[in-house]
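Q: what's the 3D shape of this:
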Amino acid sequence: MKDTLPFKFLTSLRLTVTLLALALFIIFFGTMAQEPMGLNIAVDRYFKGWFIDQVAMQAGVTKTAQLFGAQWTPVSPEQILGDPGLPVFPGGYLVGTLLLLNLTASYYVRFEWSARKAGIFCSHLGVITLLLSQLFTDIFQVESFVSMERGDRRNFTVSFDDHELVFMLGIPNGDGQVVSNRVVSITEEALKENELVAHPRLEGLKIQTLKYWVNAKPMTAVQLIEWDGEQQKALEETIRGQFYELINTRITRMEEWLASHPNAPEHDQQRKSLTVLKGIFFEARTESMGSQQLEGFQGAIEEMEKKIFGFRDNDPKLFGNDQRAKKLLKKVTVHEEQRAFSNVFNERVKDRLPEGSLEEFNRQTDSFVEKVKNFPGGLSPELLKSTEGFARRIKAKAKLYYTGTSHGRLGRHFRFVRPLQAAFSQNDRNFPAAIIKISHKNKDMGTWLVSGSNDFQQSLKADGDSWKINLRAKRHYLDFHLTLVDLKWEKYRGTEIPKNFQSRIIVEDDGEPRAVDIYMNNPLRQGGQTFYQYQMNQNQLGDSVQTMLQVVKNPNWRTAYIGCLIVACGLMYQFIFHLVGFARKRRKADA
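A: Predicted structure coming up:
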């Protein structure tokens with residue numbers, strides 16, 4: 001067997017060098033891919049897979065090219081979360097497995113057991129143990145967190161990235177009081193569009209996902225219109241910035257011309273006037289000038305150009321005749337009007353459309369436009385065109401983001417869902433949303449909106465049972481309870497830089513409750529899980545402090561220590577063996 005070609009290939013040094021080179025390649029491009037893909041996704045698709053897919057490799061290569069100055073188009077979030085494409089390169093698991101086989105087979109072929117080489121054997125056995133330990137850690141380790149305020153009591157942690165759709169049914173005691181809940185969890189992976197999900201514990205309930213968003217924000221009609229106003233303001237700011245650059249270019253050109261004619265006394269007053277105009281411009285620029293103010297500056301600069309360059313009114317070089325400036329001013333005016341329409345429209349409908357239908361929304365839009373058109377004195381053709389454009393845009397957005405839900409408090413209140421770009425940063429979280437259709441024993445129970453951004457339970461009644469529905473971060477239940485009784489959030493004096501995070505927790509298990517302080521390098525180990533102090537922040541209302549503990553469950557945590565101990569013992573043995581041998585040879589030489 002040792003002389004066969006496959007076995008020789010498996011034990012060859014060339015294979016070892018090749019695999020080590022591939023490992024360096026994976027580490028480099030996997031590190032590069034962490035910026036566009038996020039740490040968790042990059043680790044999963046580079047290091048925790050047998051092959052690297054096409055999109056992941058493209059993300060790493062593109063980021064590397066950008067590092068060297070190439071202007072390659074980065075990978076979009078839609079590509080990262082969409083079809084990964086074909087496998088194009090060996091992944092971490094494949095390279096690691098082949099390295100393990102190469103090491104083991106090489107020992108089988110070449111290694112001869114002797115006391116002289118026992119330390120080397122032991123050290124390599126430790127390395128193999130560490131490799132296997134990392135593999136089992138990747139498979140079995142679970143990371144989550146628990147967030148609490150003073151006085152909160154928890155017996156569960158929640159996932160950073162995974163979500164679940166839960167159906168809860170209260171279980172009463174003999175007196176009819178609900179003492180616990182039957183919780184049926186449907187994983188996020190099962191909520192694929194147009195697929196039917198049934199669970200034996202749901203007692204006839206079936207769920208079909210009509211639409212699913214990885215990250216989305218439910219909106220009322222008022223919020224939809226406010227968002228439109230925010231978009232118009234952002235566009236207005238962008239175009240205004242472009243107009244600022246034109247003004248700055250004109251001022252710079254006049255300054256350069258005056259600097260090239262320093263000895264002309266008639267230009268002294270012009271220099272002073274230009275300096276004053278420049279100061280007024282930069283001061284007003286910080287206040288986001290409106291279109292009328294921009295027109296005023298355009299006229300002031302035009303007058304300065306006439307005085308300095310001697311231009312006439314019809315000269316094409318004048319700022320007032322700049323076609324790009326005219327187009328930008330027109331766009332600023334249009335977006336100002338659109339934002340004003342959004343604000344006024346919102347004031348008119350905000351008390352009527354918290355639960356309105358799409359047809360009602362469109363009717364209110366048409367009614368608003370008619371009232372604007374009938375404004376006393378009439379509208380200019382430009383303003384009339386802007387009014388009609390506003391109506392078309394608002395109605396198109398309403399149609400695009402309308403949920404069409406018919407049941408549930410969440411769906412009746414939030415009639416629209418705005419998709420958001422998926423978050424990949426470690427500090428950002430995705431809040432999914434879904435439109436689901438529920439049936440019970442072939443009876444339609446309506447369409448519902450569920451969202452991870454609202455920890456809100458909705459009620460569904462079927463055959464006398466009252467179910468609670470919620471889309472939330474996936475929970476991992478504990479065999480004990482944690483209660484936060486105190487916390488410390490210390491900062492360095494005169495700064496906002498954290499100095500110390502510390503949480504005092506009461507642990508309640510089968511034994512006597514005990515107090516534990518959790519802080520840097522002093523985690524809580526309980527029930528096979530480790531609780532680390534992660535961070536602190538203000539709650540959403542800003543009136544109290546929340547502590548966040550990172551929780552790691554790793555059943556394999558001892559294996560890493562065992563591997564390190566085996567390596568240390570092997571190295572120590574090898575060192576002592578050679579030291580004793582050297583001492584014996586020297587003693588013989590001295591004799």
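Q: what's the longest helix in the chain?
A: The helix that spans the most residues within the chain, counting by DSSP state H, is helix 221-259.
Q: any idea which helix or strand comes after it?
A: Later in the chain than helix 221-259, the nearest helix or strand by DSSP states H and E is helix 268-285.
Q: Output the contacting helices and strands for that following helix.
A: helix 221-259, helix 291-309 (3 or more CB pairs under 8 Å, 6 or more residues apart in numbering; DSSP states H and E). C-beta coordinates here come from the backbone N, C-alpha and C atoms, glycine included.
Q: Turn these into CSV, columns for mean neighbour count.
A: Output for these, formatted as CSV (neighbours: other CB atoms under 10 Å):
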stretch, mean neighbour count
helix 221-259, 17
helix 291-309, 17
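Q: can you put those in TSV and add distance to Arg116 and mean pLDDT?
A: Shown next, in TSV, are these (distance: least, CB to CB, whole Å; pLDDT from 0 to 100):
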stretch	distance to Arg116	mean pLDDT
helix 221-259	74	89
helix 291-309	86	86
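Q: what ranges of the stretch 251-400 of the chain fall below the confidence cut-off?
A: The model of the stretch 251-400 of the chain has pLDDT under 70 over residues 263-266, 349-356, 376-379.
Q: same thing with the stretch 51-200 of the chain?
A: Along the stretch 51-200 of the chain, the parts satisfying pLDDT under 70 run over 111, 174-179.
Q: Just checking the distance from the longest helix of the chain to the centre of its chain.
A: 29 Å (CA atoms, centre = their mean, to the nearest Å).
Q: ditto for stretch 328-338
A: With CA atoms, centre = their mean, you get 33 Å for stretch 328-338.
Q: cool, stretch 407-416 as well?
A: Centroid separation for stretch 407-416 versus its chain: 25 Å, with CA atoms, centre = their mean.
Q: How about stretch 118-130?
A: For stretch 118-130, the distance to the chain centre is 41 Å (CA atoms, centre = their mean).
Q: neighbouring contacts of it?
A: When contacts are defined by CB atoms under 8 Å, 6 or more residues apart in numbering, stretch 118-130 is touched by residues 100, 103-104, 107, 111, 113, 559-560, 562-575, 577.
Q: Tell me who's in contact with Glu236.
A: 332, 335-336, 339.
Q: Counting neighbours, which of the contacts of stretch 118-130 end up buried?
A: Buried members of the contacts of stretch 118-130, scored by 16 or more other CB atoms under 10 Å, are 100, 103, 559-560, 563, 566-567, 570, 573-574.
Q: isn't there a helix covering Pro316?
A: No - counting by DSSP: H, G, I helix; E, B strand; the rest coil, Pro316 is not found in a helix; it is coil.
Q: And it, how far from Asp322?
A: Distance of Pro316 to Asp322, given as CB to CB, to the nearest Å: 9 Å.
Q: Look at the two and report which has more neighbours.
A: Asp322 (18 against 8; other CB atoms under 10 Å).
Q: any idea how far Glu164 is from that one?
A: From Asp322 to Glu164 the distance is 58 Å (CB to CB).
Q: before we move on, what about Val75?
A: Going from Val75 to Glu164 by CB to CB gives 28 Å.
Q: Spatially central residue for the protein, please.
A: When CA atoms, centre = their mean is applied to the chain, the residue found nearest the centroid is Ala423 (1.8 Å).
Q: could I get the helices and strands packed on helix 268-285 as CSV with distance to Ala391?
A: Converted to CSV, the helices and strands packed on helix 268-285 look like this (distance: least, CB to CB, whole Å):
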stretch, distance to Ala391
helix 221-259, 12
helix 291-309, 22
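Q: Would you mind telling me which of these is nearest Met520?
A: Met520 lies closest to helix 221-259 among the helices and strands packed on helix 268-285, at 40.0 Å (CB to CB).
Q: Between helix 291-309 and that closest one, find me the angle.
A: Orientation of helix 221-259 against helix 291-309 (axes from the mean of the first three to the mean of the last three CA atoms, to 10 degrees) gives an angle of 10 degrees.
Q: and the angle for helix 221-259 with helix 268-285?
A: Using the same axes, to 10 degrees: helix 221-259 against helix 268-285 is 160 degrees.
Q: show me what contacts Leu329?
A: Leu329 neighbours (CB under 8 Å, 6+ apart): 243, 291, 294-295, 298.
Q: Tell me how many other residues crowd Arg14.
A: Arg14: 8 surrounding residues under other CB under 10 Å.
Q: That one is in what secondary structure piece?
A: Here Arg14 is assigned to helix 13-32, by DSSP H and E.
Q: Next, the buried residues of the next helix-or-strand element following that helix.
A: Sequence-wise, the next helix or strand downstream of helix 13-32 (DSSP H and E) is helix 34-37. For helix 34-37, the neighbour count (16+ other CB under 10 Å) marks 34-37 as buried.
Q: gap between the host helix or strand of His335 and the chain center?
A: Per DSSP H and E: His335 is located in helix 323-349. Centroid separation between helix 323-349 and its chain, computed with CA atoms, centre = their mean, is 32 Å.
Q: can you map out the strands along the stretch 301-450 of the chain?
A: 416-419, 433-440, 443-451 (DSSP state E, counting those that start in this stretch).
Q: Of all those, which one is nearest Asn248?
A: strand 416-419 (35.7 Å).
Q: Quick one: list the elements packing against the closest one.
A: Strand 416-419 is packed against strand 205-213, strand 216-219, helix 221-259, helix 381-401, with contacts defined by 3+ CB pairs under 8 Å, 6+ apart.
Q: closest to Phe28 out of these?
A: strand 205-213 (33.7 Å).
Q: ok, residues contacting that closest one?
A: Under CB under 8 Å, 6+ apart, the answer for strand 205-213 is 165, 167, 186, 191-199, 403, 417, 419-420, 432-440, 445, 447, 460, 462, 467.
Q: Equivalent analysis for stretch 575-589, please.
A: 115-116, 118-119.
Q: So among those, which ones count as buried?
A: Buried, going by 16+ other CB under 10 Å: Gly119, out of those.
Q: Point me to the helix or strand that includes Leu471.
A: Here Leu471 is assigned to strand 465-491, by DSSP H and E.
Q: What mean pLDDT does that strand get?
A: Mean pLDDT, computed over strand 465-491, is 91.
Q: Please pull up the helix or strand immediately following that strand.
A: strand 498-508.
Q: And for Pro77, the neighbour number?
A: By the measure other CB under 10 Å, the count of residues near Pro77 is 18.
Q: Name the nearest residue to it, ignoring sequence neighbours.
A: Using CB to CB, 6 or more residues apart in numbering and skipping residues adjacent in sequence, the residue nearest Pro77 is Ala422, 4.5 Å away.
Q: can I get the strands of the stretch 301-450 of the chain in TSV with distance to Gln208 and mean pLDDT?
A: Putting the strands of the stretch 301-450 of the chain into TSV (distance: least, CB to CB, whole Å; pLDDT from 0 to 100) gives the following:
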stretch	distance to Gln208	mean pLDDT
strand 416-419	17	93
strand 433-440	4	93
strand 443-451	9	92
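Q: Reformat these as TSV; add distance to Arg253.
A: Formatted as TSV, the strands of the stretch 301-450 of the chain follow (distance: least, CB to CB, whole Å):
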stretch	distance to Arg253
strand 416-419	44
strand 433-440	52
strand 443-451	54
